[in-house]
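Chemist: Sequence plus the predicted model coming up.
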Amino acid sequence: MRSLFVLLALLAAPGLARGVGPEPLLLWPDGAPGAVGTETSDKPSIRVYPPAPEKNTGAAVVICPGGGYAVLAYDHEGHQLAEWYRDIGVTGIVLQYRLAPRYRHPAPLQDVQRAIRTVRSKAAEWKVDPDRVGVMGFSAGGHLASTVSTHYDLGKADSQDPIDRLSCRPSFTVLGYPVVSLSAEYSHKGSGKNLFGDKATDEQLKELSNDLHVTKETPRAFLFHTSEDRGVPAENSVAYYSALLKNGVPAELHIYQWGPHGVGMAPGEPEVETWMNQLHGWLRSSGLLSTKKRAHVKGMITVQGKPLRWGTITLTPKEDENAPAGWAMVRDGKFDIPAVRGAAVGVSQVTIRDLGAVEPHPTIENIKEISPPKGALVAEVKEGDNTFDFNLQN
């Protein structure tokens, strides 16, 4: 009787539940290119997690779980992330791609390319902006995400398949403890073996060492890693970030001190789990959660007729909480926010802070907010160049 009770308890456990998540959608209903059978593993698919209509920002991301190109960590590097994206108004799409030893390169790349094209083909139906479709991946899935970010096409115009005529270039890239290089001393040998077999050539490995293929056209990226990771060393993320920086591509990198390989969302780890908040902020500040355009803003700030010596100004959109804020340092009263990171077009609340002065001694007790309280100071930002002069009396 006790054994029956234990069995029933196990079957009722959430981790063993069946039918979790959305139903999978086949990327090629009539069979994937190069398919060697008709099993589930031969049929790459996606599961779509749409946000509530009132939360929908129009952004979407294709998520590639890791697993060394041999298995898929679908729960903690796929499904759980898609649910988080749904909560912040982003459509999450989890990819089941083809794996070794049954499949080698280029099958996984074909699958993620097809997934991105499919999302764009369904943009109207799924309420997704085709210009804001990104890709995300963890570990080997991060390698796949960085591969499609550096090995893409803008659509095959002569294809008879209308989906293949669409671009597979991601609009942005998110990489969690990714495999990036297959040729450096810190590379993940297992991923290279599973992609190319036992006799991979140096040329093959370098072709998919994705830091070597970053250009000025590579999508902007957010990366996180941990120093403790020995399975896939953080040098992988550093190499990709450095390549983006060298090519002038906007990027953000977070390396945490602790955490083994495969942390996923790192629930309960006080420091590492903050990467999701950092990502949310990056998506917003990059303008990926709103259709609002950004504009150049400059001007002068005076306090009782004298230039503010050292401070900051923030323009926070009042009409769209997902639109990016504009921010700048103020030096001798002057501020200038270039359009690439400028204020969102529309009405913004203006917040000005006094940081004192650059002197060899303290000049104020602490940072002071000197703009009028309760959002009384606003500015209407228009497309193009904007000049605002603020003369504060207190």
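Modeler: Looks like it came in fine. Computed from a predicted structure; not experimentally measured. Numbers count the residues shown, from 1 in each chain.

Chemist: send the alpha carbons of the longest helix seen in the chain over as CSV?
Modeler: The residue-count maximum for a helix in the chain (DSSP state H) belongs to helix 107-121. Taking Å, rounded to 0.1, in the frame of the first residue of the first chain, the C-alpha atoms of helix 107-121 are listed here in CSV:
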residue,chain,number,x,y,z
ALA,A,107,21.0,20.6,-39.4
PRO,A,108,20.8,22.6,-36.1
LEU,A,109,21.6,25.9,-38.0
GLN,A,110,18.9,25.1,-40.6
ASP,A,111,16.4,24.6,-37.8
VAL,A,112,17.1,27.9,-36.0
GLN,A,113,17.1,29.8,-39.3
ARG,A,114,13.8,28.3,-40.2
ALA,A,115,12.4,29.1,-36.7
ILE,A,116,13.3,32.8,-37.1
ARG,A,117,11.8,32.9,-40.6
THR,A,118,8.6,31.2,-39.4
VAL,A,119,8.1,33.7,-36.6
ARG,A,120,8.3,36.5,-39.2
SER,A,121,5.9,34.7,-41.4
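
Chemist: what comes into contact with that helix?
Modeler: 25, 27-28, 32-34, 44, 46, 60, 62, 64, 69, 91, 93, 95, 97-99, 126, 128, 130, 133, 135, 144-145, 147-148, 151-153, 155, 162-164, 166-170, 195 (CB atoms under 8 Å, 6 or more residues apart in numbering). For glycine as for every other residue, the C-beta is placed from the backbone atoms N, C-alpha and C.

Chemist: for the stretch 251-394 of the chain, what spans make up the strands?
Modeler: Here the stretch 251-394 of the chain has its strands, by DSSP state E, counting those that start in this stretch, at 251-256, 294-303, 306-307, 310-317, 326-331, 334-337, 343-344, 346-356, 368-369, 378-381, 385-392.

Chemist: Just the buried positions in stretch 280-291, please.
Modeler: By neighbour count with 16 or more other CB atoms under 10 Å, stretch 280-291 contains the buried residues 280, 282-290.

Chemist: Show me which residues of the longest helix of the chain are buried.
Modeler: 107-121.

Chemist: Stretch 375-385 too?
Modeler: Buried-residue list, stretch 375-385, by 16+ other CB under 10 Å: 377, 379, 381.

Chemist: any idea of the mean pLDDT for it?
Modeler: Averaging pLDDT along stretch 375-385 yields 95.

Chemist: what distance separates the start and the end of that stretch?
Modeler: 23 Å (CA to CA, to the nearest Å).

Chemist: ranges for the helices of the stretch 101-250 of the chain?
Modeler: For the stretch 101-250 of the chain, applying DSSP state H, counting those that start in this stretch gives helices covering 107-121, 123-126, 140-150, 189-196, 202-207, 235-246.
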